[in-house]
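Trainee: Fold the following for me, if possible:
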Amino acid sequence: MIQKPLQVRLIPYTIQSVVENTNEIPKGIELIQAPDIWEDSNQGEGIVIAVIDTGIETDHPDLQDQIIDGRNFTSDYDGDPNIFEDNNGHGTHVSGTIAASLNNAGVVGVAPKAKILSLKALTGEGSGNYEWIINAIKFATEWRGPDQERVRVISMSLGGPEDVPEMHKAIQKAVSQGISVVVAAGNEGDNSEDTFEYSYPGKYNEVIQVGAVDNNLTLAPFSNTNEEIDLVAPGVEVVSTYLGNKYASLSGTSMATPHIAGALALLIVLSEKEFGRTLSEAEIYAQLIKRTLPIGNRKSSEGNGFLNLNLVERIQEMMTAAHS
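Mentor: Got it, this is the predicted structure:
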């Protein structure tokens, strides 16, 4: 057991704007070219993504059909495990980027036919005990759906300053059981040449750590730099679902992370259809990284580069043209 009341917090984020209505494919979804592979990936259908965050607005029109289950691990709502409503906004925004439904209104997520397992492990103030996070990771690993669905991806836009062995072990177990664990790099970045910025669980080698770029593919100045960055995704002025059945534009590595979580849902469906079998977490990671494009920053800033889901197809088209 953890002996001291350590705290983990949301990766800080900035609210640019909140609006009542919108009708768009968010820019970040287009930049990673998710719509280009929706047909081949069946929009992520059949994939369950556990979002460990502040909960989810269960009656949001873009999310209400996307929630397969949920649980509250916090002291909010008198600790009732069955009430996982979002009382912060962060979890709802992240969930929308992952899997908001394609319903010709509001916004759409990266994988609009994937399902969300909403695990509320942070309070409305955006903080929580490490033990809540650990319990949520274990729950996601062991969870089975009504048709024996399993979690294939965990998304965590959170971090803390301490290496907690129990959390590391829980993540290692999840990965060993075929679950990709995607986490935010953090927003303490200063882009200095000799200073690395870490938060946990981002520092663990087993996770997929995501940095942020803007819509011009310029590294966001707040994005942490360290030798465990795996790749970068859109994280500046990201439009997604928000509290009150509204929509908001937020910035942070928190917003980049769900782009990758949703992308993994698409790639799991696409790749396992191609290979005709279930792929391991390492194999899925390889499929993700082969679809990255270096954008000119140090590896400690961008890792393998920017996610481009259609990159493989574009290369194949170029090869075909070259040999014709």
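
Trainee: What are the phi and psi values at residue 289?
Mentor: The phi/psi pair for residue 289 (degrees, to the nearest 10) reads phi -70, psi -30.

Trainee: doesn't residue 263 make contact with it?
Mentor: No: Residue 289 lies out of contact with residue 263 (CB atoms under 8 Å); the separation is 11.4 Å. Yep, even glycine has a C-beta here, placed from its N, CA and C like the rest.

Trainee: Same drill for those two, tell me which one is more crowded.
Mentor: Remark: of residue 289 and residue 263, residue 263 carries more neighbours, 30 against 15, as counted by other CB atoms under 10 Å.

Trainee: What are the neighbouring residues in contact with that one?
Mentor: Applying CB atoms under 8 Å, 6 or more residues apart in numbering to residue 263 gives the contacts 32, 34, 110-111, 233, 288, 307, 309.

Trainee: go again using 10 Å as the cut-off
Mentor: Applying CB atoms under 10 Å, 6 or more residues apart in numbering, one finds that residue 263 lies in contact with 29, 32-34, 37, 41, 44, 98, 110-111, 153, 182, 231, 233, 287-288, 291, 307-309.

Trainee: Quick check: nearest residue in space to residue 234, chain neighbours excluded?
Mentor: Ranked by CB to CB, 6 or more residues apart in numbering and with sequence neighbours excluded, the top spatial neighbour of residue 234 is residue 28, at 3.1 Å.

Trainee: Point out where this structure drops to low pLDDT.
Mentor: Applying pLDDT under 70 to the chain flags the ranges 1-6, 189-196, 312-324.

Trainee: So which residue is smack in the middle of it?
Mentor: Nearest to the geometric centre of the chain sits residue 258, at 2.6 Å (CA atoms, centre = their mean).

Trainee: Phi first, then psi, for it.
Mentor: Phi and psi for residue 258, reported as degrees, to the nearest 10, are phi -70, psi -20.

Trainee: Could you do the one 10 residues further on as well?
Mentor: According to degrees, to the nearest 10, the main-chain angles of residue 268 amount to phi -60, psi -50.

Trainee: From residue 100, how far out is it?
Mentor: Noted for residue 268: a distance of 19 Å to residue 100, by CB to CB, to the nearest Å.

Trainee: what's the answer for residue 281, then?
Mentor: According to CB to CB, residue 281 stands 25 Å off from residue 100.

Trainee: go on, residue 259?
Mentor: Distance, residue 259 to residue 100, using CB to CB: 12 Å.

Trainee: again, but for residue 284
Mentor: Using CB to CB, residue 284 is found at 23 Å from residue 100.

Trainee: what about the two, which has more around it?
Mentor: Set residue 284 next to residue 100 and count neighbours by other CB under 10 Å: residue 100 wins out with 28 against 22.

Trainee: Can you name the residues that contact that one?
Mentor: Contacts for residue 100 were tallied using CB under 10 Å, 6+ apart; they are 26, 29, 60-63, 66, 92, 106-112, 116, 240-241, 247, 262.

Trainee: Going through those, which ones are buried?
Mentor: Among the contacts of residue 100, those scoring as buried are 26, 29, 60, 62-63, 66, 92, 106-112, 116, 240-241, 247, 262 (criterion: 16 or more other CB atoms under 10 Å).

Trainee: just the helices in the stretch 101-250 of the chain please.
Mentor: Using DSSP state H, counting those that start in this stretch, the helices found in the stretch 101-250 of the chain span residues 130-142, 165-176.

Trainee: Deepest-packed of those, please.
Mentor: Comparing the helices of the stretch 101-250 of the chain by mean neighbour count (mean count of other CB atoms under 10 Å), helix 130-142 comes out on top with a mean of 21.

Trainee: what angle do it and helix 165-176 make?
Mentor: Here the directions of helix 130-142 and helix 165-176 differ by 20 degrees (axes from the mean of the first three to the mean of the last three CA atoms, to 10 degrees).

Trainee: so how far is stretch 297-311 from its chain's centroid?
Mentor: Its chain's C-alpha centre and that of stretch 297-311 lie 16 Å apart, by CA atoms, centre = their mean, to the nearest Å.

Trainee: got the CA positions of that stretch in CSV?
Mentor: Extracted C-alpha coordinates of stretch 297-311, given in CSV (Å, rounded to 0.1, in the frame of the first residue of the first chain):
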residue,chain,number,x,y,z
ASN,A,297,12.6,19.1,-33.8
ARG,A,298,15.0,17.3,-31.4
LYS,A,299,14.0,13.7,-30.6
SER,A,300,13.5,14.9,-27.0
SER,A,301,10.8,17.3,-28.2
GLU,A,302,8.9,15.3,-30.8
GLY,A,303,10.1,11.7,-30.4
ASN,A,304,9.3,9.9,-33.6
GLY,A,305,7.4,12.8,-35.0
PHE,A,306,3.9,13.9,-35.9
LEU,A,307,1.1,11.3,-36.3
ASN,A,308,-0.1,11.0,-39.9
LEU,A,309,-2.6,8.1,-40.1
ASN,A,310,-2.6,8.0,-43.9
LEU,A,311,1.2,8.2,-44.3
